[in-house]
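Asker: everything below, folded, please.
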Amino acid sequence: MRIKTHRNAGGERHTSVVSLVSGKGGVGKTSICLAVGRVLAHFGYSVLLVDFDLATHGMTYFFTENIKKVYVGIEELSLQDKGRGEDASIVGIEDRFDVVPSKTNFSSGVAQVDEDKATSILQGLIAAKSSTYDYILIDCQAGVTKTVQGAVRLSDKVIVVAEADPVSTWAVKLLEYEIGKLLPAETFGLINKLFWEDEAAYNAIKDFLRIMKYLPPLPFDREVIRSFLRKLIPADINNPSAFVLAIVASLEDLFPEMHDKIKDYLQSRSDKQITEAEERLQALDDEEKSLRTQLTELRVEDKMQGERFIRRTFTLGGAMVFSVLAMLILLYMGFLERSIFIPIIITVVATAIFASIQLYLAQRRRRTEMSLHLEERTEQISNRIAEIRREKEKYKTLVMK
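Answerer: Numbers count the residues shown, from 1 in each chain. Got it, this is the predicted structure:
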């Protein structure tokens, strides 16, 4: 069963069912599903997100505060003899933006879910809600399971999410081997967390995995990770990041019917964002150059301080050695025995040695203090440069778009 996507001349609604799958976990599939749902709702479409990851329940965790005890998730329904998809609880999150949780009773422990029954429930849910929502997005479990296969069969479009690394690439290749025949014609690859300098790796992946078309890649954005950790949907549509703009750009290929809306949005937002990004990137480049110059100067100063300390140490050491040798020579030649100034000479020599030692210790303390100051300042500059480089990643990706 595949639910076709179109609207007839009378404007009757037909739901587009899209599954998001991945060869391995941790590629950002759930964050992307949430962001796509938020963007679609912003453009005026009604969206239902379905957490069909019955192993980790990742999307459901985002909305635990919205889930009431009386709600029923897909897992609970699959454990009931007469559980039906139309009985799944719909959790309202925002206007035109709802979620079906995978599980609502987390105190029940780990359940042995009948995956065939769960798929049947998903099918019933889609059939019951196909006249209510424009888009149903299914967040599947990572890897290949019966529930993933079932979701793919029920979808008219599939997004395969991966990262630009060998492990993720081979995981997608394995997914292709195992369920390639089930994938619909409209199957799209989506590379997430792409660094601006990884274009060569991205092209290599596309050459390696030719089974599908590719949506524009999504940039690595630390704000997405921070949002995920705070249980926030990473899609501020009014103040879009490079990640959000890339999400919007991908929707144009995924849903051609949105072409005009996306074109207007990108023209109004991306030009301004790119201009601001270029200005910010230039400012960051200038700041980094200035800090690197300061870092070089500090290292030169530290080297000069070390050389001065060594010279002064040799000078003081030489003075002490000369004083001791002079006194020994005078004693050897008998001059000090006949001199009435013996106590005075000994006192002067002893005072000179003591003063040299004190001066050496003072120089050593000063050298230590200077070194600590330079190390602290060097660490501060190095940390700021690291922050700048992280911030530049985001802006470079945006400018690259």
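
Asker: next, count neighbours for the nearest residue to T147 once chain neighbours are set aside.
Answerer: Setting aside the residues directly before and after it, T147 is nearest to E115 in space (CB to CB, 6 or more residues apart in numbering), at 4.9 Å. All C-beta atoms are positioned from the backbone trio N, CA, C, and that covers glycine. Residues lying near E115 (other CB atoms under 10 Å) number 17.

Asker: got it, and R222?
Answerer: The number of residues packed near R222 is 13, by other CB under 10 Å.

Asker: my read: the residue nearest to T147 touches K146, true?
Answerer: Yes - using CB atoms under 8 Å as the test, E115 is close enough to K146 to be in contact (3.7 Å).

Asker: gap between the residue nearest to T147 and F228?
Answerer: In this structure, E115 lies at 27 Å from F228, with CB to CB, to the nearest Å as the measure.

Asker: go on, M212?
Answerer: Counting by CB to CB, the gap between M212 and F228 amounts to 26 Å.

Asker: again, but for I138
Answerer: 19 Å.

Asker: ok, these two, which is more surrounded?
Answerer: Between I138 and F228, counting by other CB under 10 Å, I138 is the more crowded of the two (29 against 18).

Asker: which SS class is that one?
Answerer: Under DSSP: H, G, I helix; E, B strand; the rest coil, I138 falls in the strand class.

Asker: so what's it up against?
Answerer: For I138, the set of contacting residues under the criterion of CB atoms under 8 Å, 6 or more residues apart in numbering consists of V17, V18, S19, L20, V50, F52, L122, A151, L154, S155.

Asker: and those, which of them are in helices?
Answerer: Among those, the ones falling in helices (DSSP state H) are L122, A151.

Asker: and the helices in the protein?
Answerer: Along the chain, the segments classed as helices by DSSP H run 29-42, 58-62, 74-78, 115-129, 146-153, 166-179, 199-208, 222-229, 242-254, 259-333, 335-338, 342-400.

Asker: could you tell me the least trusted of the ones you listed?
Answerer: Mean pLDDT values for the helices of the chain show the minimum at helix 335-338, a mean of 55.

Asker: would you list the contacts of I138 in CSV and tack on distance to E178 and neighbour count?
Answerer: Below are these laid out as CSV (distance: CB to CB, whole Å; neighbours: other CB atoms under 10 Å):
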residue, distance to E178, neighbour count
V17, 21, 27
V18, 20, 25
S19, 15, 28
L20, 17, 26
V50, 22, 27
F52, 17, 29
L122, 19, 27
A151, 14, 28
L154, 17, 21
S155, 16, 28
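
Asker: for K193, see how far away the residue nearest to the spatial centre of the chain is.
Answerer: Centrality entry for the chain: nearest residue to the mean C-alpha point is R222, 3.9 Å, by CA atoms, centre = their mean. Relative to K193, R222 is positioned 10 Å away (CB to CB).

Asker: identify the contacts common to the two.
Answerer: The contact lists of R222 and K193 share no entry, where a contact means CB under 8 Å, 6+ apart.

Asker: return the residues in contact with S102.
Answerer: D51, F52, D53, L54, H57, M59, T60, G73, I74, E75.

Asker: no no, L254
Answerer: With CB under 8 Å, 6+ apart as the criterion, the residues that contact L254 are V18, K157, I159, F188, L215.

Asker: pick the one among those closest to E257.
Answerer: Of all the contacts of L254, the one with the least separation from E257 (CB to CB) is K157, at 12.3 Å.

Asker: quick one: pLDDT of the closest one?
Answerer: For K157, the pLDDT comes out at 95.

Asker: give me the number of residues near it?
Answerer: Around K157 sit 21 other residues, with neighbours defined as other CB under 10 Å.

Asker: what is it paired to in the beta sheet?
Answerer: V18 (DSSP bridges).

Asker: surely it and L183 touch.
Answerer: No - under the criterion of CB under 8 Å, K157 is not in contact with L183, lying 9.9 Å apart.

Asker: overlap of the contact sets of the two?
Answerer: Looking at what touches both K157 and L183 (by CB under 8 Å, 6+ apart), there is no common residue.

Asker: measure A164 to P219 for me?
Answerer: In this structure, A164 and P219 are 11 Å apart, going by CB to CB.

Asker: so for those two, which sits in the more crowded spot?
Answerer: With other CB under 10 Å as the criterion, A164 and P219 differ in neighbour count, and P219 comes out ahead with 25 against 21.

Asker: enumerate every residue touching V224.
Answerer: Under the criterion of CB under 8 Å, 6+ apart, the contact list for V224 reads G28, S31, P234, S241, F243.

Asker: the residue nearest to it when sequence neighbours are not counted and T64, how far apart?
Answerer: Nearest-residue entry for V224: P234, 4.3 Å, with adjacent residues in sequence omitted and distances by CB to CB, 6+ apart. The gap separating P234 from T64 is 18 Å, by CB to CB.

Asker: the two: which has the busier surroundings?
Answerer: Under the criterion of other CB under 10 Å, the comparison of P234 against T64 puts P234 first, with 22 against 12.

Asker: neighbours around S107, how many?
Answerer: Neighbourhood size, S107 [other CB under 10 Å]: 4.

Asker: scratch that, E379
Answerer: By the measure other CB under 10 Å, the count of residues near E379 is 10.

Asker: ok, the residue nearest to V224 - contacts?
Answerer: P234 sits next to S31, L34, A35, D221, E223, V224, S227, F228, F243, V244 when contact means CB under 8 Å, 6+ apart.

Asker: just the buried residues out of those residues, in PyMOL syntax.
Answerer: One line in PyMOL is enough to select the buried members of those, burial here meaning 16 or more other CB atoms under 10 Å:
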select buried, resi 31+34+35+221+224+227+228+243+244
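
Asker: closest to E178 among the contacts of P234?
Answerer: Comparing these against E178 with CB to CB picks out S31 as the nearest, at 24.6 Å.

Asker: ok, that closest one to E387 distance?
Answerer: As defined by CB to CB, S31 lies at a distance of 23 Å from E387.

Asker: please apply the same query to N239.
Answerer: For N239, the distance to E387 equals 21 Å [CB to CB].

Asker: which of these two has more neighbours?
Answerer: Relative neighbour count places E387 above the other of N239 and E387, with 13 against 8, counting by other CB under 10 Å.

Asker: returning to that earlier point: pLDDT value on the residue nearest to V224, please?
Answerer: Among the per-residue scores, P234 shows a pLDDT of 85.
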